[in-house]
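**Student:** I'll drop the sequence and a predicted model, then ask my questions.
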Amino acid sequence: MINLAVQMNWPLFQLDINNAFLYGELDETVYMTLPEGYFNSDDQRVCRLKKSLYGLKQAPRQWNAKLTQALLENNFVQSRSDYSLFTKSEGNVFIALLVYVDDIIVTGNNIDVINEFKMFLNSKFMIKDLGLLKYFLVIEVIKTEYGLCLSQRKYCMDLLNEFGLLACKPFATPLEQNLVITSEVSEKDGIIDNVIEYQKLIGKLIYLTHTRPDIAYFVHCLSQFMHKPLKSHIKIALRVLRYLKGLPGLGVHIVKNPKLSLETFVDANLAKCVVTRKSVIGFCLFLNGSLVSWKSKKQLTLSKTSAEAEYRALASATSEIVWILKLLDDLKWGKWLPVPVYCDSEAAI
């Protein structure tokens, strides 16, 4: 959706719903035990809830149902490919919005209709208009001369500060060349004591890959040892952090391009994993010359030949292309077939 707004030169607005704790009426009667110290412990009375509150299992579902119902009343259509995407098309007017809990991104080709939608939403909920999109889910949106730049600089700096590497000397590469990562335990390379700290670090690095495709492969390698990480694994993870120290503001640049194009580049590495001998696939998808999707993942099954590994990589990339095409169809954005897919294996082609 952001790529669409950049190409069409549409404004991106951010909204925040303040009363998200009012999740709507419950479908069934739910009772809550009175808090300790409020009444005598011998008192067996309970509270009957009229509205869902934070912490209840059904609260997120009730809130999503209430917000979806309000949007459908305003003639929005919920995407079948991504349930967080809603679109509205009436004549020459088109509006699209993305929803994450109580945060909303709105864009469209008519500013008056967008303002009317804000008034409608304000009549249903207490909303806060945050203006033009600048910061969303710790992703900074920077407007440039050629489009928009998405980065997580603050998130990256906070991550370095959390692990005490804010003043460290940066590395030029996130991983040593030809380094083989294994799970074999030895006397010098044993299992670390604080497994949770390693899991916390890798989890944050995984979220950082939303705007840093350059570390996607290395985070993929480290995420395979979440349950029994070794001392060597934590050293590699800290090296990735020192690599990020060199370019903390690096991100994805979405540029304007009048020529509509959708291209995909696919590759596979046969038996890359030395433990399971499974192949690793990788692909990147460019929409109008801007990188919008990428993946580095180990295959679920063994491939006996490079042609088989490349063919499975093509299948994974094709699934991603089909999903992107469905999203573009929901956004009413041109015809894209056929989509060129580039692969260096003649046997797989």
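**Tutor:** It's in. None of these values were measured; they are calculated from a predicted model. Residues are numbered from 1 along each chain as shown.

**Student:** for A317, give me its contacts.
**Tutor:** Residues near A317 by Cβ atoms under 8 Å, 6 or more residues apart in numbering: T264, V266, F283, L285, V341. Where C-beta positions appear, they are placed from N, C-alpha and C, glycine not excepted.

**Student:** do T305 as well
**Tutor:** Counting by Cβ under 8 Å, 6+ apart, T305 has contacts L270, A347.

**Student:** rerun that using 10 Å as the cut-off
**Tutor:** Taking Cβ atoms under 10 Å, 6 or more residues apart in numbering, we find T305 in contact with L270, S279, Y311, S345, A347, A348.

**Student:** which of those sits closest to L133?
**Tutor:** L133 lies nearest to S279 out of those, by Cβ to Cβ, at 39.1 Å.

**Student:** quick check: F86 is in a helix.
**Tutor:** No. Counting by DSSP: H, G, I helix; E, B strand; the rest coil, F86 is not found in a helix; it is strand.

**Student:** so after the helix or strand hosting D329, what's the next helix or strand?
**Tutor:** Using DSSP states H and E, D329 sits within helix 306-330. Remark: after helix 306-330, the chain's next helix or strand is strand 341-343, criterion DSSP H and E.

**Student:** residues making contact with that following strand?
**Tutor:** 262-268, 283, 285, 310-311, 313-314, 317-318, 321, 349.

**Student:** now with 7 Å, please.
**Tutor:** Residues outside strand 341-343 that contact it (Cβ atoms under 7 Å, 6 or more residues apart in numbering) are T264, F265, V266, E310, L314, A317, I349.

**Student:** same deal with stretch 66-82?
**Tutor:** 23-24, 85-88, 99, 117, 120, 124, 323, 326-327, 330.

**Student:** pLDDT below threshold where in the protein?
**Tutor:** 18-41, 49-55 (pLDDT under 70).

**Student:** go through the contacts of T305 and name the one nearest A59.
**Tutor:** Distances from A59 to these, taken by Cβ to Cβ, are shortest for S279, at 42.7 Å.

**Student:** wait, that closest one sits on Q299?
**Tutor:** Yes. At 4.9 Å, S279 and Q299 qualify as touching, with contact defined as Cβ atoms under 7 Å.

**Student:** before we move on, back to that, list the buried residues in the helix holding D329.
**Tutor:** Judged by neighbour count (16 or more other Cβ atoms under 10 Å), helix 306-330 contains these buried residues: 306-314, 316-317, 320-321, 324-325, 327-328, 330.

**Student:** ok, of the contacts of stretch 66-82, which come out buried?
**Tutor:** Y23, G24, L85, F86, T87, K88, V99, F117, L327, D330.

**Student:** list the contacts of the fifth one.
**Tutor:** It stands for T87. Counted by Cβ under 7 Å, 6+ apart, T87 has contacts F76, V77, S79, A96, D330, L331.

**Student:** to what extent is the second one buried, counted in neighbours?
**Tutor:** Neighbouring residues of V77 were enumerated by other Cβ atoms under 10 Å; the total is 13.

**Student:** for it, give its distance to K335.
**Tutor:** 20 Å (Cβ to Cβ, to the nearest Å).

**Student:** same check, this time on V240
**Tutor:** Counting by Cβ to Cβ - V240 and K335 are separated by 41 Å.

**Student:** who has more neighbours, these two?
**Tutor:** V240 (23 against 8).

**Student:** would you say the more buried one is within a helix?
**Tutor:** Yes. Counting by three-state DSSP, V240 is part of a helix.

**Student:** how many other residues sit next to the closest residue to it other than its chain neighbours?
**Tutor:** What sits nearest to V240 in space, not counting adjacent residues and going by Cβ to Cβ, 6 or more residues apart in numbering, is P174, at 4.6 Å. Neighbours of P174 under the rule other Cβ under 10 Å: 20.

**Student:** can you list the domains in the protein?
**Tutor:** With domains defined by automatic domain parsing, the chain comprises 2-137, 151-246, 257-343.

**Student:** got these as a markdown table, with distance to K143 columns?
**Tutor:** Listed next are the domains of the chain as a markdown table, based on distance: least, Cβ to Cβ, whole Å:
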| stretch | distance to K143 |
| --- | --- |
| domain 2-137 | 8 |
| domain 151-246 | 12 |
| domain 257-343 | 15 |
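
**Student:** quick one: closest of the ones you listed to E145.
**Tutor:** domain 2-137 (12.0 Å).

**Student:** quick check, distance from that closest one to the centre of its chain.
**Tutor:** In this view, domain 2-137 has its centroid 19 Å away from the chain centroid, taken as Cα atoms, centre = their mean, to the nearest Å.

**Student:** look up phi and psi at G108.
**Tutor:** With angles defined as degrees, to the nearest 10, G108 sits at phi 180, psi 180.

**Student:** residue contacts, it?
**Tutor:** W10, F94, I95, A96, I114.

**Student:** sort out which one of those residues lies nearest T182 for me.
**Tutor:** A96 (46.3 Å).

**Student:** how about the strands in the stretch 1-150 of the chain?
**Tutor:** In the stretch 1-150 of the chain, the segments counted as strands under DSSP state E, counting those that start in this stretch are 12-17, 31-33, 46-48, 77-78, 85-90, 93-100, 103-108, 127-132, 135-136, 139-143, 147-151.

**Student:** looking at those strands, which one is packed in the most?
**Tutor:** strand 103-108 (a mean of 22; mean count of other Cβ atoms under 10 Å).
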